[in-house]
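Engineer: Provided below for reference: sequence and predicted model.
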Amino acid sequence: MFSQSNPKNRVLMSFILLLFFEVSCTKQGGSQNADMLSIYLSKDPISLNPTQAEDGNALKVLSNVMEGALGYDSIGNLENRLAEKVLEDRTHKQIKIYLKENLYWSDGNPVEAAEFKYALDQVLSPTSTSKLKDLFHPIKKIEVVDTRLFVLHLKYNAPYVKHLLALSQSFPQRKDIPWSIDAPITGAFKISQYKVGLKIELEPNVYYWRGSKAVLPKHVVVRIIEDESTAAHLFLEKKIDVLSRVPVFQLKLFEQKGLLRVDPYYAVYYLSFNASKTPFNQKSMRKVFAQSIHQKDIVSILQSGEKPAKDYIPMGLEGWESSGLSDLKKEKIPQSFNFKIGFGFDSNARNQLIAEKIQSDIQSALGLKLDLMGLDWKTYVRLLGTDAPNVFRFAWLAPISDPIVHLKVFYSKNPNNYSHWSNKNYDRLVDEIEQLESGKERVLKIQKAQKILLDEEAILVPLYYYNQLHAVNADLKGFSVNPFGVTEWRTLQLKQD
């Protein structure tokens with residue numbers, strides 16, 4: 001069996017991938033054509049079905065293919081998209097959404113309010129399998145008033161409900177045409193071809209509501225390349241225009257060339273434990289392990305400007321504290337702490353580097369041997385949902401500008417809670433935070449919830465706050481990326497020779 005964990009095999013795989021993409025780019029002209037844009041993704045999205053979308057790569061693609069009532073601009077502010085106006089009536093627990101006139105799907109059919117209700121009803125259904133469905137609990141029902149007006153009736157006011165209208169789960173969906181890659185869309189681009197593991201090709205939507213002049217590239221190719229070195233080589237050969245991952249050993253080179261840019265990101269990288277398995281079914285064991293992790297050392301080996309994390313809430317969101325929470329109280333290392341345990345992560349060069357560093361530190365501090373388990377992204381996520389390893393690396397990106405998304409992850413029975421940990425006091429706090437207006441009281445409760453997660457129960461160990469590192473073609477104009485990791489590809493244009 002071919003194993004990418006073997007260094008010789010990794011070199012061979014890189015060579016094969018490089019050869020394949022060199023030929024592929026040559027046939028298509030690479031980015032030499034000013035009308036064509038080439039974007040890099042490190043992994044296939046888990047799903048591009050708006051209701052099922054759950055990862056950052058899906059968000060990057062869907063934000064360019066579909067649009068909903070609201071969206072986030074280039075700096076992360078909420079703005080109207082398909083909505084003309086959105087009116088909140090907190091007294092009557094209602095949000096009224098008025099759609100713009102003359103909105104059309106990519107097949108020429110008009111966009112109607114009932115299609116927003118159809119999408120939201122799928123998320124609210126008791127049989128919904130959306131991993132973000134818990135966020136929609138404040139919504140009681142959706143009322144369609146006419147073709148351009150629908151109303152959200154709420155069970156209770158929650159400060160983030162309006163922001164849900166920017167999530168893919170709230171994008172309109174056609175009842176007559178089930179979602180598929182070639183289904184009608186409302187965004188700037190439609191998918192013309194998707195080869196899993198290789199590429200996604202897109203072309204402009206002629207019915208896009210902003211007009212054809214608002215969409216600058218005539219053709220977009222999203223290249224899916226798991227090997228970062230291969231992608232970096234293609235970028236330097238000008239066969240990729242935007243690189244969203246830069247190999248650690250090439251960071252200085254890209255910086256010296258003036259091609260590297262750093263942007264904020266509402267995301268945190270962390271370790272968590274499977275609390276249903278020995279030895280981490282005991283919080284004392286989790287605390288001992290957490291005490292042996294040195295965030296500053298991990299950040300230093302990455303050399304990419306991330307900041308060590310003490311909080312779980314990402315920088316920039318309500319409840320984050322620059323001072324961090326208090327350090328864990330020192331626990332004694334039990335003499336019986338001598339297990340060989342699995343440490344799971346999704347395979348890439350950066351995660352491998354971090355895993356090996358933690359493996360070494362834990363071996364030195366505890367005499368504990370970690371069995372590293374690197375898997376491809378989709379396989380890894382399936383494993384977490386069925387039989388998570390003793391320790392596993394994960395990360396959460398906030399899809400809306402509110403900390404409730406991160407806090408819900410460790411809520412009992414949340415589909416994203418791979419730790420199998422449950423705490424009634426924590427659940428109660430999250431329920432209270434969900435309904436509180438932004439302000440001092442909410443911040444204090446968020447910090448109290450974090451204290452349970454990090455200090456009292458040590459169910460996760462935050463490692464660092466992400467930066468967004470992009471290498472951008474010097475000939476590309478209009479590039480920006482918001483704190484949710486989204487770039488509007490329609491605004492990008494290569495300089496003409």
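Structural biologist: Received it, and whenever you're ready, just let me know what you need.

Engineer: in the stretch 251-400 of the chain, which spans are helices?
Structural biologist: 251-256, 283-291, 295-302, 349-366, 377-387 (DSSP state H, counting those that start in this stretch).

Engineer: what of the stretch 1-150 of the chain?
Structural biologist: Using DSSP H, counting those that start in this stretch, helices in the stretch 1-150 of the chain cover 7-28, 56-65, 113-124.

Engineer: domain ranges for this structure?
Structural biologist: Domain ranges of the chain: 7-49+187-259+473-494, 67-170, 264-467, per automatic domain parsing.

Engineer: which one of those domains has the lowest average pLDDT?
Structural biologist: Within these, confidence is poorest for domain 7-49+187-259+473-494, with a mean of 86 (mean pLDDT).

Engineer: how far off centre is it?
Structural biologist: Centroid separation between domain 7-49+187-259+473-494 and its chain, computed with C-alpha atoms, centre = their mean, to the nearest Å, is 18 Å.

Engineer: same question for stretch 382-401.
Structural biologist: The answer for stretch 382-401 is 11 Å, by C-alpha atoms, centre = their mean.

Engineer: also stretch 451-463?
Structural biologist: How far stretch 451-463 lies from its chain's middle: 21 Å, per C-alpha atoms, centre = their mean.

Engineer: got it, and stretch 432-446?
Structural biologist: That offset, for stretch 432-446, works out to 24 Å (C-alpha atoms, centre = their mean).

Engineer: quick check: buried residues in it?
Structural biologist: Across stretch 432-446, burial judged by 16 or more other C-beta atoms under 10 Å covers I433, E434, L436, R442, V443, K445, I446. Using the backbone N, CA and C atoms, a C-beta is placed for each residue, glycine as well.

Engineer: again with stretch 295-315
Structural biologist: Neighbour-count burial for stretch 295-315, counted by 16+ other C-beta under 10 Å, picks out 295, 298-299, 302, 304, 306, 308-315.

Engineer: so what touches it?
Structural biologist: With contact meaning C-beta atoms under 8 Å, 6 or more residues apart in numbering, stretch 295-315 is reached by 246, 248, 251, 262, 264-270, 319-322, 324-325, 327, 350, 353-354, 357-358, 361, 398, 403, 406-407, 446, 450, 453-454, 460, 462-467, 469.

Engineer: adding distance to E101, write the helices of the stretch 251-400 of the chain out as JSON lines.
Structural biologist: Shown next, in JSON lines, are these (distance: least, C-beta to C-beta, whole Å):
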{"stretch": "helix 251-256", "distance to E101": "46"}
{"stretch": "helix 283-291", "distance to E101": "55"}
{"stretch": "helix 295-302", "distance to E101": "49"}
{"stretch": "helix 349-366", "distance to E101": "47"}
{"stretch": "helix 377-387", "distance to E101": "41"}
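
Engineer: pick the most buried one from those.
Structural biologist: Greatest average neighbour count among the helices of the stretch 251-400 of the chain goes to helix 283-291 (a mean of 21), per mean count of other C-beta atoms under 10 Å.

Engineer: by contact count, what packs against that one?
Structural biologist: Judged by 3 or more C-beta pairs under 8 Å, 6 or more residues apart in numbering; DSSP states H and E, helix 283-291 is in contact with helix 349-366.

Engineer: just the buried subset of the contacts of stretch 295-315, please.
Structural biologist: 246, 251, 264-270, 319-320, 325, 350, 354, 357-358, 361, 398, 403, 406-407, 446, 450, 453-454, 460, 462-467, 469.

Engineer: ok so, going back, could you identify the most distant pair in the buried residues of stretch 432-446?
Structural biologist: Across those, the longest distance by C-beta to C-beta is 14.2 Å; it joins E434 and V443.

Engineer: contacting residues for the residue sitting nearest the centre point of the chain?
Structural biologist: Most central in the chain under C-alpha atoms, centre = their mean is G56, positioned 2.8 Å from the mean C-alpha point. Shown in contact with G56 (C-beta under 8 Å, 6+ apart): A267, L397, G485.

Engineer: V111 now?
Structural biologist: L82, L99, L103, Y104, W105, P172, T186.

Engineer: would you turn these into JSON lines with distance to T278 and neighbour count?
Structural biologist: Putting the contacts of V111 into JSON lines (distance: C-beta to C-beta, whole Å; neighbours: other C-beta atoms under 10 Å) gives the following:
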{"residue": "L82", "distance to T278": "51", "neighbour count": "21"}
{"residue": "L99", "distance to T278": "55", "neighbour count": "25"}
{"residue": "L103", "distance to T278": "56", "neighbour count": "21"}
{"residue": "Y104", "distance to T278": "58", "neighbour count": "16"}
{"residue": "W105", "distance to T278": "53", "neighbour count": "20"}
{"residue": "P172", "distance to T278": "48", "neighbour count": "27"}
{"residue": "T186", "distance to T278": "50", "neighbour count": "24"}
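
Engineer: now, which of the residues you listed lie within strands?
Structural biologist: L99 (DSSP state E).

Engineer: between all of the contacts of V111, which two are separated the most?
Structural biologist: The span of the contacts of V111, defined through C-beta to C-beta, is set by L99 and W105 at 12.9 Å.

Engineer: quick one, the helix or strand Y194 falls within and helix 56-65 angle?
Structural biologist: Using DSSP states H and E, Y194 sits in strand 189-195. Using axes from the mean of the first three to the mean of the last three C-alpha atoms, to 10 degrees, the direction of strand 189-195 lies 140 degrees away from that of helix 56-65.

Engineer: in its sheet, what does strand 189-195 sit against?
Structural biologist: Sheet pairing for strand 189-195, assigned by DSSP bridges, gives strand 199-204 (antiparallel).

Engineer: any buried residues in the strand it pairs with, and which?
Structural biologist: Within strand 199-204, the residues that count as buried by 16+ other C-beta under 10 Å are K199, I200, E201, L202, E203, P204.
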